[in-house]
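Colleague: return atomic coordinates for the entry below.
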Amino acid sequence: MFKIALSFAFILIFFQAFSQPLTIAESSKFESTSTEKDVNDFIQKITKHSSIVRVETMAVSIESRAIPLLIIADPMIKSPVKLSTDKRVVLYIQANIHAGEVEGKEASLMFARDLISGMKKEILKNVIVLICPNFNPDGNEAISTKNRTYQNGPKNGVGLRYNGQMLDINRDAMKLETPEMSGLLKNVLLKWDPQITVDCHTTNGSYHEEPVTFTWMMNPAGDRSLTDFMEKQMMPEVSGKLRNEYKTDNCFYGEFIDMKTPEKGWEYSAAEPRYLSNYIGVRNRLAILNENYVYADYKSRVLGCYGLLHSIADYAVNHAVEIKELIRTADQKTIDRGLNPEPTDSFPISYTGKPINEKVTIKTFEVDVVSDSQGRETYKKSDRKKTVQVPYTARYEATKSVKFPFAYLFNVSDPLVINLLRKHGIQVSQLSKGQTFDVETFKLTELKSAPKLNQGHFNQTASGVWISEHLEFKAGTFVIRTAQPLANVASYLLEPQSNDGLLKWNFMDRYLVPQWGRGFNPYPVYKIQNRTIIEDTVLPSL
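Modeller: Numbering: from 1, shown residues only. Predicted structure coming up:
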C-alpha cells in the first residue's frame with residue numbers, strides 16, 4: 001500500500017509540473033514578452049484556489065494601472081504585524097522597473113508559479129516571498145520593436161525605460177515623485193519590511209560571456225556589517241550555487257574601467273541611494289541588483305534570472321536566523337548611536353570606490369577601435385575571447401564626513417518636506433513648547449545649479465560652513481531624532497551637502513536665497529550635536 005501511495009504521489013507531482021500554465025516567454029519558445037494583460041491573466045491562473053498566496057495592489061500608476069504584489073507564504077501570514085514573532089525571512093523580488101528590461105518579469109512569474117504549485121516547498125519553510133513582476137506597467141504597455149534595438153530579443157519588442165511621467169523610477173528612491181516608488185515604500189518596505197530585496201534589470205555596457213550578473217548595495221551610509229556580509233559571504237555563495245547547481249555562468253555586475261585594457265579593473269560606479277538597491281542598504285537591509293547580460297539570447301537571460309532568484313531564495317532558507325540577527329543588530333546599533341552620539345560618529349557626504357579583497361574573473365572579448373559616422377572613436381566587440389582576473393571596485397568609503405547629530409530641527413512649516421520624511425517611515429515630532437538649544441547652523445557660501453535637467457530637476461550643490469549658535473525655536477518646530485532605525489535615511493535627506501538629499505533635489509530652493517539683496521539665508525535644518533532634553537510630540541505615521 002505504501003509503495004502504491006508513494007507512486008501515486010510521484011505521478012501527481014509529475015502531472016502538476018507539466019500541467020501548470022506557461023508564461024508568455026515559455027509559450028512563445030522565448031520569442032515574446034508579456035503585456036500587462038498577460039501578466040495579470042497569468043497571476044489569476046496561478047493564484048486561483050491557492051491558500052498560500054494573496055494578491056494585493058502595491059500602487060496605481062499615473063495611467064491608472066494597478067500594480068499587483070504577490071504574497072506567497074506557507075502557512076499564509078494573517079498580517080505583517082505578526083512578522084515580529086515569525087521565524088521566516090521576507091524576500092521581495094521586483095522586476096520591470098525599466099520596462100525594456102523584461103527577463104526579470106518573466107522569470108519572477110515562473111518562480112511565483114513554481115512556489116505556489118508546491119514544486120518548491122522547501123523554500124517556503126523559512127521564507128515569505130513577495131513578488132512584483134511588473135513594477136512599471138505604463139512603460140511595459142509601450143512594447144515596441146523600436147525600443148532597445150541592440151538587445152538580443154524578445155522578437156515582439158520591449159517596453160520603455162521610464163514610467164507614465166517620463167521619469168526613471170530607479171532614480172526616485174529618495175525624492176519619491178512617482179506613484180510606483182511611493183507605493184513600494186508604503187505597501188512593501190514599511191508594511192512587510194523585507195530583509196532581502198532583489199531588483200531585476202538588463203545590462204548596458206561592457207562585453208562578456210556571462211548571461212547573468214549581479215551585485216549588492218554599495219552606499220557607505222548603511223551599516224558596514226551588512227555590506228561586508230554581502231561581499232564576503234552571501235554573494236560569493238549565491239554565485240557558486242548559481243554556477244554549480246543551476247548551471248548558469250555568472251559574475252558580479254560592473255563595467256571595465258577601460259574596455260580596451262580590461263586588466264585595469266572592473267567597477268560598479270553608481271552608489272547613490274536614488275538607486276533602489278543602494279537605498280535599501282541605507283535602510284540597513286540587504287539588496288541585490290540583478291543585471292542580465294543584454295547581448296545574451298533572451299532564453300538564457302530568462303532562465304539565468306530564474307536560477308539567480310532560486311539561488312538567493314535557497315541561501316535565505318539556510319541562513320534565515322543569521323540574516324535576521326544581523327539586521328536586528330544593525331538596527332540596534334543605529335538607534336544606540338543616536339541616543340548619545342560620540343564625537344567620532346560621522347555621516348559620509350562624499351565617498352569613493354575601492355577594490356574589494358578578492359579579484360573577480362570576467363570572460364570578456366577583446367575590442368577593436370573603430371570610428372563612427374562623425375569620426376569619433378568607439379569600441380566594437382571582436383570574436384577574440386579573453387578571460388581576465390581583475391580588481392573589482394565595489395567597496396565605497398567616505399572621503400568627507402560631517403558630525404552625526406543627536407537630532408535635526410526644521411523650522412519651516414513645509415508639508416512637502418515633512419510628508420516626504422514620513423513617507424520614508426522616518427519618525428518626525430514637533431516641539432511641545434518653545435525651547436532654546438545649542439545648535440550647528442549651516443551658512444551657505446555658494447550654491448551651484450546643474451546646467452542640465454536631471455529627472456525634471458536642476459540639481460543643487462551647496463558649499464558652506466557650520467557655525468555654533470544658541471537659538472530659540474518656537475513650539476511646533478519639527479524634530480527628527482537620530483535614535484531611530486531610519487536615521488541614516490534621515491541624515492541623507494537632511495544634510496545640506498548630501499549628494500542625494502532634499503537640497504540636491506530642490507526641495508529647499510525657496511528657503512535658501514532672500515528675495516531682495518545678496519547672500520544666502522541660513523539652511524533651515526539645524527543640528528543638535530549632543531544629547532539634550534527635547535520636549536516634543538511624535539506625529540502619527542502616514
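Colleague: now stretch 134-141: average pLDDT?
Modeller: For stretch 134-141, mean pLDDT rounds to 98.
Colleague: same question for stretch 259-270.
Modeller: Mean pLDDT, stretch 259-270: 95.
Colleague: and stretch 235-254, by the same measure?
Modeller: Mean per-residue pLDDT for stretch 235-254: 98.
Colleague: now swap in stretch 308-320 and tell me
Modeller: Here stretch 308-320 scores 98 as its mean pLDDT.
Colleague: can you give me the buried ones in that stretch?
Modeller: For stretch 308-320, a neighbour-count test (16 or more other CB atoms under 10 Å) marks L308, L309, H310, S311, I312, A313, D314, Y315, A316, V317, H319, A320 as buried. Just so you know, the C-beta spots here come from the backbone N, C-alpha and C atoms, and that holds for glycine as well.
Colleague: what's the answer for stretch 456-466, then?
Modeller: H457, N459, Q460, A462, G464, W466.
Colleague: and that stretch, how far out from the chain's middle?
Modeller: How far stretch 456-466 lies from its chain's middle: 24 Å, per CA atoms, centre = their mean, to the nearest Å.
Colleague: can I get the CA coordinates of that stretch in PDB?
Modeller: Written as PDB, here are the backbone C-alpha positions of stretch 456-466 (Å, rounded to 0.1, in the frame of the first residue of the first chain):
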ATOM      1  CA  GLY A 456      12.900  67.300 -14.100                       C
ATOM      2  CA  HIS A 457      15.300  68.900 -11.700                       C
ATOM      3  CA  PHE A 458      18.300  71.300 -11.900                       C
ATOM      4  CA  ASN A 459      20.300  69.600  -9.100                       C
ATOM      5  CA  GLN A 460      21.800  71.900  -6.500                       C
ATOM      6  CA  THR A 461      25.200  71.600  -4.800                       C
ATOM      7  CA  ALA A 462      26.000  73.700  -1.700                       C
ATOM      8  CA  SER A 463      29.200  74.900  -0.200                       C
ATOM      9  CA  GLY A 464      29.400  76.500   3.300                       C
ATOM     10  CA  VAL A 465      30.500  76.200   6.800                       C
ATOM     11  CA  TRP A 466      28.900  75.000  10.100                       C
END
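Colleague: surely A99 touches N140?
Modeller: Yes - counting by CB atoms under 8 Å, A99 touches N140, with 4.1 Å between them.
Colleague: now for the two: what residues contact both?
Modeller: Counting by CB atoms under 8 Å, 6 or more residues apart in numbering, the common neighbours of A99 and N140 are N134, G159.
Colleague: can you add secondary structure and distance to P485 and give the buried residues of stretch 308-320 back as JSON lines?
Modeller: Shown next, in JSON lines, are these (DSSP: H, G, I helix; E, B strand; the rest coil; distance: CB to CB, whole Å):
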{"residue": "L308", "secondary structure": "helix", "distance to P485": "29"}
{"residue": "L309", "secondary structure": "helix", "distance to P485": "27"}
{"residue": "H310", "secondary structure": "helix", "distance to P485": "30"}
{"residue": "S311", "secondary structure": "helix", "distance to P485": "29"}
{"residue": "I312", "secondary structure": "helix", "distance to P485": "24"}
{"residue": "A313", "secondary structure": "helix", "distance to P485": "25"}
{"residue": "D314", "secondary structure": "helix", "distance to P485": "28"}
{"residue": "Y315", "secondary structure": "helix", "distance to P485": "24"}
{"residue": "A316", "secondary structure": "helix", "distance to P485": "21"}
{"residue": "V317", "secondary structure": "helix", "distance to P485": "25"}
{"residue": "H319", "secondary structure": "coil", "distance to P485": "21"}
{"residue": "A320", "secondary structure": "helix", "distance to P485": "20"}
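Colleague: would you mark the buried spots in stretch 216-233?
Modeller: Buried residues in stretch 216-233, counted by 16+ other CB under 10 Å: 216-223, 226-227, 229-231.
Colleague: Serialize those residues to TSV and add fields for distance to G183 and pLDDT.
Modeller: Below are the buried residues of stretch 216-233 laid out as TSV (distance: CB to CB, whole Å; pLDDT from 0 to 100):
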residue	distance to G183	pLDDT
W216	24	98
M217	21	98
M218	25	97
N219	23	98
P220	28	98
A221	24	98
G222	23	98
D223	26	98
L226	25	98
T227	27	98
F229	29	98
M230	26	98
E231	31	98
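Colleague: let's see which of the residues you listed end up in strands.
Modeller: Among the buried residues of stretch 216-233, the residues falling in strands (DSSP state E) are W216.
Colleague: tabulate the buried residues of stretch 216-233 (CSV), appending distance to E377.
Modeller: CSV is the format used below for those (distance: CB to CB, whole Å):
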residue, distance to E377
W216, 34
M217, 35
M218, 30
N219, 33
P220, 35
A221, 38
G222, 39
D223, 43
L226, 41
T227, 36
F229, 42
M230, 37
E231, 35
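Colleague: and which of the buried residues of stretch 216-233 is nearest T352?
Modeller: Taking CB to CB as the measure, P220 is the one of these closest to T352, at 9.6 Å.
Colleague: residues contacting the closest one?
Modeller: Residues in contact with P220 (CB under 8 Å, 6+ apart) are T227, A271, P348, Y351, Y396, E397, A398.
Colleague: show me where the stretch 401-542 of the chain has strands.
Modeller: Ranges of strands in the stretch 401-542 of the chain, per DSSP state E, counting those that start in this stretch, are 407-410, 429-431, 435-449, 460-473, 478-481, 525-528, 536-538.
Colleague: hang on, the earlier thing: which single one of the buried residues of stretch 308-320 is nearest to Y392?
Modeller: Of all these, L308 has the smallest distance to Y392: 18.0 Å, by CB to CB.
Colleague: just give me the neighbour total for T149.
Modeller: Neighbours of T149 under the rule other CB atoms under 10 Å: 9.
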